[in-house]
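> Need coordinates for the below:
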Amino acid sequence: MAMTLYAGEHREHIAPQDEALLQLAEAARHPQLSALWLAFYDSPRLSSRQAGDLVHELLVLMTCADGSLNPAQLRRGLRLAAFFSAASRDGLEIRTSSD
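Now for the predicted structure:
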């Protein structure tokens, strides 16, 4: 399954092969990523504050992944972090659509 994220003019996509980023998230260390994964199929909406938290959690997760993510997944993580950062910075709500 895939998810498309929208925030103002910004758009990003989580493809099935990129779901590993969310699956690695531990609820205690990455509560927003874990919540996003749990609601992945429900097309959740995220506040700009949640987007800010997601930026930091993604960066921590990618730093601690210790080789379990391939280069393409790391690039997707950075693109997602940039997307969440833009939404947070611009105070935009994120709408999602799951396939």
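
> Geometrically speaking, which residue is the centre of the protein?
Most central in the chain under CA atoms, centre = their mean is residue 80, positioned 5.5 Å from the mean C-alpha point.

> Tell me the helix or strand right after the helix or strand that contains that one.
Per DSSP states H and E, residue 80 falls inside helix 71-90. Downstream of helix 71-90, the next assigned helix or strand under DSSP H and E is strand 94-98.

> partners of that next one, with directions?
Using DSSP bridges, the strands paired with strand 94-98 are strand 3-7 (antiparallel), strand 45-46 (antiparallel).

> which other helices and strands contact the lowest-mean-pLDDT helix or strand in the chain?
Lowest mean confidence among the helices and strands of the chain (mean pLDDT, DSSP states H and E): helix 20-23, at a mean of 86. For helix 20-23, the packing partners by 3 or more CB pairs under 8 Å, 6 or more residues apart in numbering; DSSP states H and E come out as helix 31-38, helix 48-64, helix 71-90. No exception for glycine: its C-beta is placed from N, CA and C like everyone else's.

> Mind pulling up the pLDDT for the nearest residue to residue 85 once chain neighbours are set aside?
In this structure, residue 85 finds its nearest non-sequential neighbour in residue 55, 4.8 Å apart by CB to CB, 6 or more residues apart in numbering. In the predicted model, residue 55 carries a pLDDT score of 97.

> Pass me the low-pLDDT residue ranges in the chain, would you?
Per-residue confidence of the chain (counting by pLDDT under 70) places no residue in a weak region.

> mind running it again at 90?
Within the chain, the set of residues satisfying pLDDT under 90 comprises 1, 15-24, 41, 65-73, 98-99.

> and residue 67, that one's in a helix?
No: remark: residue 67 does not belong to a helix; assigned using DSSP: H, G, I helix; E, B strand; the rest coil, it is coil.
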